[in-house]
Structure formats: C-alpha cells, structure tokens
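**Q** kindly return the folded structure for what I paste below:
(chains A and B)
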Amino acid sequence: MQLAPLPVVVPLAVAAALAIIGKHLHRRIVDSISIATSAAVVIISITLTFQSANGAIVYWFGNWQPLAKSHFPIGICFAIDPIGAGLSSLAALLVLAAFTFSWSYFESVGALYHVLMLVFLAAMCGLALTGDLFNMFVWLEVMTAVGVALCGYKSEQSQSLQGALNFAVVNTIGAFLSLMGVALLYGATGSLNLAEVGRTLAAGHFSQGFVTVALLLVTAGFLVKSATFPFHFWLADAHAVAPTPVCILFSGVMVELGLYAIGRIYWVVFAQSAQPAPQTIRDVFLLMGSLTAVVGALYCFGQRHLKRLLAFSTISHVGIMLIAFSLLNPRALAGMALYLAGHGLIKAALFIGAGILLHRFGSLDEYDLQRSIAKRLAPIGVLMVLGAWGLAGLPPFATFFGEMRIDEIGSQQHLTWLPAITIFAEALTAAAVLRFTARVFFGVGRQGKSMVSAGAPHLHTDAETSGQHSRVPAFMWVPMAALIIGAALIAVPLRGPVETAAKHFESAPLYDAAVLRINAQTAAPRPYDRPFEAHGESEWWIPLLVALATLGAAAASLFPKSPRTAFARPIGAVLSKTVLELRRFQSGRVGDYVAWFAFGIAAYGSLLLLLH
Amino acid sequence: MEPALSYAAYAAAIWLFLIGLYGVVKSRHLVNLCLSLTVVQSSTYVLLTIIGYRPGLPAPIFTDGLKPGSAAVDPIVQALMLTDVVVEATVVALLLAITIKVHRDAGTADPDKVDMMRG
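**A** Next up, the predicted model:
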C-alpha cells in the first residue's frame, strides 16, 4: 500500500467524519479518536521519513505520471524526502501533544475543535510533502483559514478577535503575492511542478529582473507565515489570544513550515538558474534573519504575558533559522533542521507550561502571578528552566547542535559579527523565560514593576479554562516532560542523517531526477560551484557566552537594585529605551501591519534587484 | 494591439493590488476592510486571466463547436482561479463573521475604537 498520501488523507477523512457525527458522540470518544488519528499520522510520517532516506518517494495523484518521452509532468505529485517527512512527523507529534493536553485542559469543547485541528494537521503535512507550486499555495491558505478559525475559537473578548483578524488579513495578502508569483512562473515555464519549473528556468533565458520578482512574490506569503521582520506583527497578536493547544502548533511547527517552503522553493526552483545570484540571496536573507532575530528578542524580553513572550521568542528563533538558510550551505541547513526540531519540541513544552499556569491560576501575567506564587508547581518550573536552557541553544538539546553548525559555517564565510546576533537573540529569549519562571514558579526576585516588561500590555486571559484547579493532571505534565526530554534525545541520533538529508535537499538535479524520472547522470549539473563545502572550526566559546549572558540578563532583571547587577544597568537602560520605542510599532492595528508589509516587500525587493 | 492589451492588463492588476492595499491600510470600518481585501484579491484574477489568455482563441469548452485537442485559451489558470475564489471566499466569510462578533461585543466596527492589545 502507498503510504505517501496518507498523512493528508487520514486526518482529512477523520475530520470529515467527525464533522458529521461528532455532535452525537461523547466528548471523550471524540478526544480518543483525535488522539488515535494524530498518533497514526506520527507513525506513518516517521515510516515515510525512514523510507525516503533511500531516495525520494514520489506519488502521482490519480496515477497521472509524467509523459514518457518528454518527462513533462501533467499531474500533481507528493515528492517526499526525509526533511519534508520529518517536518510532517513533527507536525503530527505536536498535534498529538496538543490533543493529549486538551484532554484535561478544556472543560467543554465541541467536536468542531477536533475537526479544525485535524484539518490543520492535514494542511501542514500537505505543505511539507507536496511537489507542486500551486498545491503549496493551497495548503498555505488552508493553514491560514483553519488557523484563523482556531485562533478565534472560544473567543469571548474583542482582543482575541483582533488577533484572529490581524492573522487573517496579513497572511491573506501575503498569500495573494505568492499566488501572483506562482502565476508568473507558470506563465514563463508552462508548469506548476516544482522540479519542472526549476528545470525550465535553468534552461531558458529569463531576465534577471523577472526571476527576481518571481522569487520575491512567491516567497512573500511564506515570509509572512514565518513571521519574518517586518511581517511578524500578526504572530504575537495571534499567539496571545489563541487557545494554548493551538499556540503549540503555531509556534512549534506552522511558522517553521513557512521557512521550509522558502527553502524548498529556492533550492528546487531558483538555485539551478543561479538567478538571482546566490551571493545576493545570501545577503538579503541574512539581513532579514538578523533583523528578525534581534527585534524578536527585544520584544520578547519586554513582555509580561507568557504567551506573548513566547510568541516573540519564536519570532527571534525564526530569525536564527532564516540566517541558517541564508548561508546556502548543506551543513548550515542541517543545523537549521536540528534547530527547528529542537525548538519546535521545546516551544511546545513551554506553551504547555503556560497552559498549566492558566489551568491553575487563570492568568499568564508575570506580576499578577508573582503574588500567588506557584511554589507547589516547582516540578513544572524545573521543566520551564530546562526549556529556557534549550532556547539558549545549550547542550544536550538539539538546538545546541543546530547552532554549532550555523556558527561554524558563519565563521567560515567570514561573518565575524554573526555570533553577536545569535548570542544576543538566544540569551535574551532564554533570559526572558528564565526571569518569568524564577519570579512565578520560585518566587525569586524583587516585587514590583520597575522593569521594562512592566510597561508591556496587561492582558486578561480568556475563558478557555476556568483556572483555580488544585492539581496538574498527568495529561498536561507528561507531554510537557516528554517534549523536553525528546528535544534532548533526538539530537545525537539525528545529527548524521540530517546532514545527508540536507545535502539532498539542496540538490535540485537529484530532486528533478526523482520527480521527473530523468536519469540522474543526465540531469543538468549545477551551474555554479558550491561555495563552501568543508567543515569549519567549531565555536565552543559561543554556548558558554550565551549561558553567561542568559544568567546575567535574567539576574539583572530580577534584582535591578542589587549592587551585584550594577554591571548590567547601562545595558539595561539602553535595552529598555529600545523596547519602549519598538513597542509603539506593535500597534494592534491591522492597517499598520499591512503598511509594514508593503514597506517590507518594497525594501527587500529593491535590495534583491539592486544588490547584484 | 495585443501587447498593448496585455500591458494594460498587467497595469490593471498592479493598480487593483495597490488601491486595495491602500483601502486595507486606511480602512475605518471592518466591512470596508473585508471589501478592500477582495479588491486586492481581484488583482490576482486579472493577472491569472491575462497569463492564460491566447489572442483569438476560443474558451476551452470542448463540446459541439470545438474538437478536443484543438487550441484554446489555457484552462489551467482558470482552474487555479476557481481554487483561489473558493479559498478566499472562506477567508472573507471568516472575516465577516469576526466583524459581526466584534460589532456585537464592542458596539463598533471601527478597528481603532475596539479595545486592543498594543506593544
């Protein structure tokens, strides 16, 4: 039996069935069916990951194979490689964690929630597995539509509607640009198949300007989805209001899928034609990634609402992953994949931690919770600290191995300033979680609100759970602990296979050969030399510095008046000023966000066109 | 004649996109915002139409007059457009539902007057 279409077909079929009969079933039966479905998708996706390690699996829907002589694809295919299947596994795993967590979390929840979550899962798997450009756009839009519905689910306040609205409008406009890019590429190449479009672009003589505009337009929707600066504003608003299990998916895998799509499209469609020049791509995406990492970290450190804090931390980490992509090197890409997997699991665990706080105290505010010190939740606090440790990219978590590769390739490309960006982003995001945990779970730190985060929005959180529960159910802490442990355990066994998978991911000829059944030997050779193949020195001092900076920043914000933290006061003053300035841009108005979007597209477009 | 037509269509697509975007940015009412969004969307229709258009050829409806296999306007982009319409109809329906709820909760559909999180 062909497994390839099942990660999409199974959840869609179950969702359709639940939409019809779910109303008449007991809540626990619907819960169980959903958990079983997502577990099945985990197993199928992991099987596909292993199977595709021996060569990409290509599945043509309706058995519409490419034409025998010209190899021209007339059907729509799934082209599955270990990276795509791995992402699909991660998505299914996080949906499984989210469903498990929802078992005790929601007091009342209709079958509609399960239906939406399963369709969301199908869309994420579809985006990760497809080999068709228009298909990518469709899954992107399904993710947006379902994501908006889930974001506004259980909405009792105008704030949660605002989050959903900003999410919908900004993402939809981004997707329109992507559709335009798809249309331009189709008009130029006559195909929607990723491999065929890439082959035609490489063989034909298209003007540099046209290809650059097509690249910018196609990636625009995915840049919005991955919350790249300055398209990131919607993400924080959406996270702050979405129900906790939905946040797990948004931060853990949805945003990262945007990056995956950019990588897939770049390597299969644009890399072969070497237009725009790889150097230009590297510089522009490096700039995007660096801005995203720094701005996200600043916002993150200045938050007092845990979900919003974690959302900004996701933005910052996406920046680091975008930097990894921009280095255009298989080892950096392997680092990105490791980082993505580790970050996804850790972030999911931290959001479960946020959910536990909501479940227990009905609040996520650092200063409100400080008073009701959650001391009996110390084991959860320990897990949160481990999560912060993982966000800082420290061993033994997968993020550490990812970051080491990124820094190594960065130093090889003589980007001496790059460690400064990663250290800054990781230390500030980890310190923010550490500060929150220390204050709320362990009662450490000064009372009062002299800190920069005190000025952040004070949000009342939602009716998703009643709060005031006296214990933490196993359905909550078990997945949280499992995710944290998993983020450490996957690192070592994944290191080797991920390197191979990344090499294949960056090889368009191999991809074309698999999809279009061209003999791999006759597949067009790569027209430009791979700039950096060898491994560089590993930068052991970086994690050490991150650890010190994290502890320093957390301590300085917990004990602002202590003489021992005097060293940090000038830095703190500058940071506070910057955060206060930045906060004005996060206005909550969708019109402002769309204006930023237009500005960002224009700016990156000009850079792409001018920098060659 | 033909290039002029196609340039005009591209210009119309860009114009629709920009004017719709301006509408979204300046919108003071959520219904207006949803409609501006559909204006942005219609730019994609124009673009898809012009990309699939073949001067002088008939519509790809292979029934009585037109034999299968003869040249016609590209049907694929029309299929794309149809998918686009369906997906976006869903999104706009969701947005309008949100608008109704916002109006019910806050008593206004002006995005500036609704209680918002900032920072």
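**Q** contacts and neighbour counts: CA atoms only from here.
**A** Will do.
**Q** you'd agree residue A:44 is up against residue A:6?
**A** Yes. Contact criterion C-alpha atoms under 8 Å: residue A:44 and residue A:6 qualify, at 7.4 Å.
**Q** which one of the two has more residues nearby?
**A** residue A:44 (21 against 18; other C-alpha atoms under 10 Å in any protein chain shown).
**Q** residues making contact with stretch A:334-347?
**A** Under the contact criterion C-alpha atoms under 8 Å, 6 or more residues apart in numbering or on different chains, stretch A:334-347 has outside partners A:83, A:90, A:94, A:248, A:251-253, A:256, A:310, A:314, A:317, A:321, A:324-325, A:387, A:390-391, A:397-406, A:483-484, A:486-488, A:491, A:494-495, A:498-499, A:501-502.
**Q** residues of that stretch that come out buried?
**A** In terms of neighbour count (16 or more other C-alpha atoms under 10 Å in any protein chain shown), stretch A:334-347 has its buried residues at A:334-347.
**Q** for it, what is the distance to the chain centroid?
**A** 9 Å (C-alpha atoms, centre = their mean, to the nearest Å).
**Q** quick one: residue B:113 is in a helix?
**A** No. Secondary structure assignment places residue B:113 outside any helix; it is coil (DSSP: H, G, I helix; E, B strand; the rest coil).
**Q** how about it, phi and psi?
**A** In terms of degrees, to the nearest 10, the main-chain angles of residue B:113 are phi -100, psi -10.
**Q** interface residues of chain B facing chain A?
**A** Residues of chain B lying near chain A by C-alpha under 8 Å from any C-alpha of the partner chain: B:21, B:24-27, B:37, B:40-41, B:44, B:47-48, B:51-52, B:77, B:80, B:83, B:87, B:90-91, B:94-95, B:98, B:101-102, B:105-106, B:111-112, B:114-119.
**Q** buried subset of these?
**A** B:21, B:24-27, B:37, B:40-41, B:44, B:47-48, B:51-52, B:77, B:80, B:87, B:90-91, B:94-95, B:98, B:101-102, B:111, B:114, B:116-119.
**Q** so which of these sit within helices?
**A** B:21, B:24-26, B:37, B:40-41, B:44, B:47-48, B:51-52, B:77, B:80, B:87, B:90-91, B:94-95, B:98, B:101-102 (DSSP state H).
**Q** close to chain B, is the helix or strand bottoming out on mean pLDDT in chain A?
**A** Sorting the helices and strands of chain A by mean pLDDT, DSSP states H and E puts helix A:366-371 at the bottom, at a mean of 80. No. Judged by C-alpha under 8 Å from any C-alpha, helix A:366-371 stays clear of chain B, getting no closer than 15.7 Å.
**Q** so where's the chain uncertain?
**A** Chain wasn't specified; assuming chain A. A:1, A:154-158, A:372-375, A:446-468, A:519-538 (pLDDT under 70).
**Q** sorry, I should have been clearer: chain B.
**A** Looking along chain B with the criterion set at pLDDT under 70, you get B:1-3, B:115-119.
**Q** one more time with 80, if that's ok
**A** Along chain B, the parts satisfying pLDDT under 80 run over B:1-6, B:63-70, B:106, B:111-119.
**Q** need the strands for chain A, in chain order.
**A** A:57-60, A:77-80 (DSSP state E).
**Q** so which of these is nearest residue A:568?
**A** strand A:77-80 (49.2 Å; C-alpha to C-alpha).
**Q** let me know how buried the residue of the stretch 201-350 of chain A found nearest chain B is, in neighbour terms.
**A** Closest contact between the stretch 201-350 of chain A and chain B, by C-alpha to the nearest C-alpha, is at residue A:237 (7.6 Å). The criterion is other C-alpha under 10 Å. On that basis, residue A:237 has 31 neighbouring residues.
**Q** does it really touch residue A:587, like I thought?
**A** No. Assessed by C-alpha under 8 Å, residue A:237 is found out of contact with residue A:587, at 9.9 Å.
**Q** pull the contacting residues for residue A:401.
**A** Neighbours of residue A:401 in contact, by C-alpha under 8 Å, 6+ apart: A:335, A:338-339, A:393, A:395, A:491, A:495.
**Q** and among the strands of chain A, the most buried is which?
**A** Counting by mean count of other C-alpha atoms under 10 Å in any protein chain shown, strand A:77-80 has the highest mean neighbour count of those, with a mean of 25.
**Q** residues touching residue B:81, list them.
**A** Contacts of residue B:81 (C-alpha under 8 Å, 6+ apart): B:45, B:48.
**Q** ok, it to residue A:74 distance?
**A** Noted for residue B:81: a distance of 18 Å to residue A:74, by C-alpha to C-alpha, to the nearest Å.
**Q** buried residues, stretch A:197-209. List them.
**A** A:197-202, A:208.
**Q** for stretch A:272-280, same thing?
**A** Going by neighbour count (16+ other C-alpha under 10 Å), the buried part of stretch A:272-280 is A:272-280.
**Q** pull up the distance across that stretch, start to finish.
**A** Per C-alpha to C-alpha, the first residue of stretch A:272-280 is 15 Å away from its last.
**Q** what's around residue B:104, how many residues?
**A** 12.
**Q** that one in helix, strand or coil?
**A** When classified by three-state DSSP, residue B:104 comes out as helix.
**Q** so residue A:80 versus chain B, what's the distance?
**A** Per C-alpha to the nearest C-alpha, to the nearest Å, residue A:80 is found 23 Å from chain B.
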